[in-house]
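Trainee: Predicted model and sequence below, questions to follow.
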Amino acid sequence: MSEVVIIGGGPVGLYLAALLLQRGVSVTVLEQRTAPEPNSRAIGIHPPALEALSRIGVAQKLVRRGVPIRRGLALSRGAALAEMSFAEVSERFPFVLSLPQDSTESVLEDRVRGLDPYALRRGVRVTGLHDNGGHATVEACVAKEQERISAPLVIAADGVRSAARMALGAPLRRRDYPDRYLMGDFADSTAFGSDAALFLAGDGIVESFPLPGQRRRWVVRRGPADDGGADDAAGLDAGWLAREVRRRTGIDVDAGSNSMLSGFGVRARLVRRMVFGRGILIGDAAHEISPIGGQGMSLGWLDALALAPLVPALLAGSRDGLAAFERNRLREAGRAARQSEINMALGRPLHGGLLAVRNGAITAVAAVPAANRLVARRFTMQ
């Protein structure tokens with residue numbers, strides 16, 4: 001029997017597993033997927049997360065695979081409104097790293113398997129979780145067979161549809177937003193290089209981020225008439241996205257080069273508690289926030305970094321520090337949720353005088369060096 005069972009073999013669960021294995025804690029990671037998914041939405045790794053990832057020796061490997069974004073540009077109607085540099089946000093990592101989540105997971109999985117080849121179990125679907133006092137028991141389905149897996153501690157990092165959260169009956173604070181987006185990855189036909197670009201168009205923001213392999217991600221805020229407001233963007237395709245990018249930014253995108261297309265809506269789900277006896281929730285299982293701003297994955301890694309030092313004492317029967325962990329991480333999740341709300345609000349449709357006022361305000365703030373640095377630090381989760 002392992003000392004810790006981690007539910008979820010995504011980036012947060014794998015990172016926590018590596019942290020604990022380095023500390024000599026035996027770990028079993030249960031992952032429902034039988035193989036990594038080739039496409040993913042998450043691409044941004046913020047400086048505090050890179051610092052955290054350096055604790056398990058993978059930060060530089062990730063940097064070599066990704067694209068460091070050192071500058072963001074705000075544009076409107078072909079004119080530059082503002083420039084935000086990340087040069088002063090971190091001494092070691094003065095950038096936001098752009099790297100698709102499947103590549104990040106691959107590096108993390110290699111690290112875990114290097115520490116313990118048998119720690120990760122794929123094809124395990126969790127159906128229940130119970131605290132039995134002296135230990136916790138996970139109920140799971142493996143190859144259509146039922147299995148019960150016990151451990152002194154179970155940590156759930158199984159994402160926004162967390163089976164563990166539902167089994168624990170964790171109370172949630174919920175909020176749904178009207179914002180809907182369509183994003184896709186295409187061959188990079190721009191001259192932006194490694195810069196991120198935000199186009200503050202009247203019909204809604206268009207975001208553009210560099211990706212490895214001379215590719216670029218485009219994210220378009222959809223209007224209320226686009227496909228009836230469905231989250232999954234049914235009926236919209238790469239051609240629609242390319243046309244909207246051209247209409248709102250003037251930039252031509254080759255629809256035929258599309259390699260990933262995904263629609264999404266926005267909601268916030270924050271648990272009121274992360275700790276339930278011998279069960280603990282971290283990452284998206286504990287806090288789902290808007291993808292706009294790219295803070296979700298980094299937030300989960302910072303949960304794991306804060307929790308890992310407490311685990312040996314928890315296994316020994318001490319709960320010292322656990323209440324402070326929960327309080328601090330819920331506070332940071334709330335802060336990230338508020339920042340994502342600001343990011344979304346800045347990209348909503350505006351026309352006429354209101355559009356000019358918003359864009360003028362952004363230009364004015366960016367022109368003040370101290371304000372520009374503060375915004376850069378907030379954007380990069382400092």
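Mentor: Arrived safely. Numbers count the residues shown, from 1 in each chain.

Trainee: Tell me where the stretch 251-382 of the chain has strands.
Mentor: When assigned using DSSP state E, counting those that start in this stretch, the strands of the stretch 251-382 of the chain occupy the ranges 260-271, 275-276, 279-281, 287-288.

Trainee: And these: which comes nearest Asp320?
Mentor: Taking Cβ to Cβ, strand 275-276 is the member of the strands of the stretch 251-382 of the chain nearest to Asp320, at 12.8 Å. Quick note: C-beta positions are derived from backbone N, CA and C, even for glycine.

Trainee: and the closest one, average pLDDT?
Mentor: For strand 275-276, mean pLDDT rounds to 96.

Trainee: same question, stretch 238-256
Mentor: 96.

Trainee: Check the closest residue in space to Ala306 that isn't next to it in sequence and give its pLDDT.
Mentor: Of all residues not flanking Ala306 in the chain, Phe325 sits nearest, at 5.5 Å (Cβ to Cβ, 6 or more residues apart in numbering). pLDDT for Phe325: 98.

Trainee: same check, this time on the one 5 residues further on
Mentor: Model confidence at Leu330, expressed as pLDDT, equals 97.

Trainee: what's it in contact with, if anything?
Mentor: Leu330 is in contact with 270-272, 274, 286-287, counting by Cβ atoms under 8 Å, 6 or more residues apart in numbering.

Trainee: Count the residues that sit near Lys113.
Mentor: Small correction: residue 113 is Arg, not Lys. Counted with other Cβ atoms under 10 Å, residues neighbouring Arg113 total 15.

Trainee: again with Gly223
Mentor: Applying other Cβ under 10 Å, we find 13 residues neighbouring Gly223.

Trainee: so it makes contact with Ile205?
Mentor: No - contact criterion Cβ atoms under 8 Å: Gly223 and Ile205 do not qualify, at 11.8 Å.

Trainee: coming back round to it: what's the closest of the contacts of Leu330 to Pro94?
Mentor: Nearest to Pro94, judged by Cβ to Cβ, of those is His287 at 26.7 Å.

Trainee: check contacts around the closest one.
Mentor: His287 sits next to 269-271, 296, 299, 330, 333, 336-337 when contact means Cβ under 8 Å, 6+ apart.

Trainee: Let me have those in JSON lines, extended by distance to Asp131.
Mentor: Putting the contacts of His287 into JSON lines (distance: Cβ to Cβ, whole Å) gives the following:
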{"residue": "Arg269", "distance to Asp131": "22"}
{"residue": "Leu270", "distance to Asp131": "22"}
{"residue": "Val271", "distance to Asp131": "16"}
{"residue": "Gly296", "distance to Asp131": "27"}
{"residue": "Leu299", "distance to Asp131": "25"}
{"residue": "Leu330", "distance to Asp131": "20"}
{"residue": "Ala333", "distance to Asp131": "23"}
{"residue": "Ala336", "distance to Asp131": "28"}
{"residue": "Ala337", "distance to Asp131": "28"}
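
Trainee: Buried among these? Make that a ChimeraX selection.
Mentor: Per 16 or more other Cβ atoms under 10 Å, the buried members of the contacts of His287 correspond to this ChimeraX selection:
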select :269,270,271,296,299,330,333,336,337
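
Trainee: Among the contacts of His287, find me the one that's closest to Asp102.
Mentor: Set against Asp102, the nearest of the contacts of His287 by Cβ to Cβ is Gly296 (15.9 Å).

Trainee: Surely that closest one touches Ala42?
Mentor: Yes - using Cβ under 8 Å, Gly296 is in contact with Ala42, at 6.8 Å.

Trainee: So what does Gly159 have for phi and psi?
Mentor: Torsion angles at Gly159 (phi, psi; degrees, to the nearest 10) stand at phi 80, psi -170.

Trainee: Quick check: it vs Leu200, distance?
Mentor: According to Cβ to Cβ, to the nearest Å, Gly159 stands 32 Å off from Leu200.

Trainee: Please apply the same query to Leu211.
Mentor: 22 Å.

Trainee: can you check Ala187 too?
Mentor: As judged by Cβ to Cβ, Ala187 and Leu200 stand 24 Å apart.
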